[in-house]
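> fold the stuff below for me.
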Amino acid sequence: FWITRVVEVLIMTVSVLMLTVVFNLLRGFMADADVMMAYLAIVVVLAYAFNRGPTLVAAIAIVAAFDFFFVPPFYTFAVDHNKYLLSFSVMAVVGFMFSTFRERMKQQLRETSTREKQLRELYHLARSLAAASGNEAVIKQACFHLAAISDGQASFFRLSGDTIEAVDKKSSINLERLSLEKLRTCHREQHAQTERVNNVECQYYPMGQMSLLVLVLCTDHRLGDEQHHLLQTYLSLIKLAITRTQLSEQAAEARLQAESEQLRNAILSAVSHDLRTPLGTIMGLVSTILDKDAVLDEALTRECLDTIYDLSEQLSQKVTNLLQMSRNLRGKLTPKIELQNPEEFIGGVLAKMKHRLENYSVEIDLDDTLLVQMDVSLMEVVLSNLLDNAAKFSPERSSIMISGQLKKRHYLLSVQDQGMGLRGSDDRQLFDHFYRVHQDVGGTGLGLAISKAIVEAHGGHITAHDAPLNGAIFSIDIPYRDDQIDKGFL
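Have a look, this model is predicted:
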């Protein structure tokens, strides 16, 4: 700082001396008033270029040079006429005023630049918070901007009962060095707290009673007044953003619960008839067989038992779908992934559906893939639904083809039938709840929706399209995970 000031004073002094030499050489062509105006112009230029202190030094040097070289008696600082005292005073006052104006202008520019920077930072923060779609995104953006304006570390901590945990597991602030009592007091009283630990100042800011969050800001220096005011504005925006996301999440959860309850009621209403009809038929057939007065030959009894078995199998499939849909609505569809041989998996499903598919020709075409990652119990529901649909919408004695092959990092499992086809149905509607392509064929319209949810829970997707000649093809895409590839199962 002082070196800069000394250099500025030297530059000004040298400039004044050089210009004085020039004016002295041109004395015969310049009047005293011209010299004075030239010196004033120099003062204005120097006041614009340099700070107030060096400018005042230059003004004094100019007054001294004018007195010494251009005011009689020459080459002395004596003044033989009082009028020159006014000239000296004007030159000094002008130099002081211009240097003062310049300092004020620089201060205003600095303040304007600071305010512009703060407004720009507030704009970026507000835009980032508005774009954040969840609480975690809001907290991440808040920590980033708070650390930037404070040159410190910022982290959020959540209070849950007697436990306190960092929202961000990668937080740079160690919970062990914080005062747990300060954290609890800050949240309980909803008032900022401050403490100093190992030359680090930690400030605790509550984020509201609803959020159970406390912001901790740690710096190795005290914040200035401008930083503190900006921090308070930041905190107001962050609190509003956190409250907004929490209310949005609560509204979404309430809406989801209402929709789930509505869907649950609709499902029960839709399947009640499909459940009562086969149950009534089963009860009638069983009562007929158990009736001692009824005379039934062996063939008729066998037919009744076959019908009871078929209806029981249908009921089992519908109940399985209902249970699976209930799990979907509760958001508890989490596959238990394990390695499974495709041939054994398909064989197990066909064994369970042996009676359902006995009037159809089931063909299997699999490649030599040994293991596929899947939740066997869930994928059995998917394949059972697809095979049940194939049998339901295809004529007896027709062919049902099950094929499986590995393509790059995905295992493709397909079921093709020779039935009625999809009639150009929209692929998006086809997997909706209660949607049925063929309204004249019984069913609840839940099988494909459940299958889609299960396949997507595996990270894959299911598609459907019409077969080249007749029937439909349903394809399941199951992706391989990197850990499975590393083990060499591809």
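> which residues of the stretch 351-490 of the chain fall in helices?
376-392, 427-430, 447-457, 482-486 (DSSP state H, counting those that start in this stretch).
> how far off centre is the longest one?
Taking Cα atoms, centre = their mean, to the nearest Å, the mean C-alpha location of helix 376-392 is offset from the chain mean by 36 Å.
> tell me which residues of that helix are tucked away?
376, 378-392 (16 or more other Cβ atoms under 10 Å). Backbone N, C-alpha and C define where each C-beta goes, glycine included.
> of the helices of the stretch 351-490 of the chain, which approaches residue 360 most closely?
Taking Cβ to Cβ, helix 376-392 is the member of these nearest to residue 360, at 5.8 Å.
> which strands or helices does the closest one pack on?
helix 298-329, strand 338-340, helix 342-352, strand 399-407, strand 410-416, helix 447-457, strand 472-479 (3 or more Cβ pairs under 8 Å, 6 or more residues apart in numbering; DSSP states H and E).
> may I see these organised as a markdown table, with mean pLDDT and distance to residue 221 added?
Shown next, in a markdown table, are the helices and strands packed on helix 376-392 (pLDDT from 0 to 100; distance: least, Cβ to Cβ, whole Å):
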| stretch | mean pLDDT | distance to residue 221 |
| --- | --- | --- |
| helix 298-329 | 73 | 54 |
| strand 338-340 | 88 | 56 |
| helix 342-352 | 89 | 64 |
| strand 399-407 | 92 | 60 |
| strand 410-416 | 92 | 55 |
| helix 447-457 | 83 | 51 |
| strand 472-479 | 91 | 51 |
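> what's the closest of these to residue 206?
Per Cβ to Cβ, nearest to residue 206 of these: helix 298-329, 36.7 Å.
> sorry, back to before: redo the helices of the stretch 351-490 of the chain as TSV? Include distance to residue 29.
Formatted as TSV, the helices of the stretch 351-490 of the chain follow (distance: least, Cβ to Cβ, whole Å):
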stretch	distance to residue 29
helix 376-392	104
helix 427-430	94
helix 447-457	94
helix 482-486	89
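> which of the ones you listed sits closest to residue 467?
helix 376-392 (11.1 Å).
> nearest to residue 128, of the helices and strands packed on helix 376-392?
Here helix 447-457 is closest among the helices and strands packed on helix 376-392 (Cβ to Cβ), at 30.9 Å.
> which positions in the closest one come out as buried?
Residues of helix 447-457 classed as buried by neighbour count (16+ other Cβ under 10 Å): 447, 448, 449, 450, 451, 452, 453, 454, 455.
> give me the angle between that helix and strand 472-479.
20 degrees (axes from the mean of the first three to the mean of the last three Cα atoms, to 10 degrees).
> I'd guessed residue 8 sits against residue 50; true?
Yes. Applying Cβ atoms under 8 Å, one finds residue 8 in contact with residue 50, separated by 5.1 Å.
> what about the strands in the stretch 51-200 of the chain?
Secondary structure of the stretch 51-200 of the chain (DSSP state E, counting those that start in this stretch): strands at 153-160, 163-166, 193-197, 200-206.
> what sits up against the shortest one?
Think strand 163-166. 155, 156, 157, 158, 173, 175, 180, 183, 184 (Cβ atoms under 8 Å, 6 or more residues apart in numbering).
> and it, which strands flank it?
strand 153-160 (antiparallel) (DSSP bridges).
> neighbouring contacts of the strand it pairs with?
139, 142-143, 146-147, 164-168, 171-173, 175, 178, 183-184, 187, 207, 212-219.
> going through those residues, which ones are buried?
139, 142-143, 146-147, 164, 166-167, 171, 173, 178, 183-184, 187, 207, 212-219.
> mean confidence for stretch 113-120?
For stretch 113-120, the mean pLDDT works out to 84.
> and that stretch, what's buried?
residue 118.
> again, but for stretch 339-356
In stretch 339-356, counting by 16+ other Cβ under 10 Å, buried: 340, 342, 345, 346, 349, 350, 352, 353, 356.
> what about the first one, distance to residue 24?
Relative to residue 24, residue 340 is positioned 104 Å away (Cβ to Cβ, to the nearest Å).
> ok, residue 29 - how many residues close by?
Residues lying near residue 29 (other Cβ atoms under 10 Å) number 8.
> same check, this time on residue 180
Residues near residue 180, counting by other Cβ under 10 Å: 14.
> which residues does it contact?
residue 164.
> could you do the one 5 residues further on as well?
With contact set as Cβ under 8 Å, 6+ apart, residue 185 has these partners: residue 193.
> same thing with residue 141?
Here residue 141 is in contact with 125, 128, 129, 132 (Cβ under 8 Å, 6+ apart).
> hang on, the second one packs against residue 148?
No. Taking contact to mean Cβ under 8 Å, the distance of 11.4 Å between residue 128 and residue 148 leaves them out of contact.
> out of those two, which sits in the more crowded spot?
Comparing residue 128 with residue 148 by other Cβ under 10 Å, the one with more neighbours is residue 128, at 18 against 13.
> the residue lying closest to residue 337 once chain neighbours are set aside and residue 255, how far apart?
Distance criterion Cβ to Cβ, 6 or more residues apart in numbering; nearest residue to residue 337, sequence neighbours excluded, is residue 373 at 5.2 Å. Residue 373 sits 34 Å away from residue 255, going by Cβ to Cβ.
> likewise residue 316?
34 Å.
> and what of residue 42?
Computed as Cβ to Cβ, the residue 42 to residue 255 distance reads 76 Å.
> coming back round to it: now the weakest link among the strands of the stretch 51-200 of the chain, please, by mean pLDDT.
Among the strands of the stretch 51-200 of the chain, strand 163-166 carries the lowest mean pLDDT (a mean of 78).
> got the CA positions of it in CSV?
Written as CSV, here are the backbone C-alpha positions of strand 163-166 (Å, rounded to 0.1, in the frame of the first residue of the first chain):
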residue,chain,number,x,y,z
THR,A,163,-30.1,-38.4,17.0
ILE,A,164,-28.4,-35.9,14.8
GLU,A,165,-27.1,-36.8,11.3
ALA,A,166,-25.6,-34.9,8.4
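> picking up where we left off before, so which of residue 42 and residue 255 has more stuff around it?
Between residue 42 and residue 255, counting by other Cβ under 10 Å, residue 42 is the more crowded of the two (20 against 10).
> hmm, residue 17 and the more buried one touching each other?
No. Under the criterion of Cβ under 8 Å, residue 42 makes no contact with residue 17, lying 11.6 Å away.
> could you report the separation of the spatially most central residue of the chain from residue 145?
Among the residues of the chain, the one closest to the centroid is residue 137, at 4.6 Å (Cα atoms, centre = their mean). Residue 137 sits 13 Å away from residue 145, taking Cβ to Cβ as the criterion.
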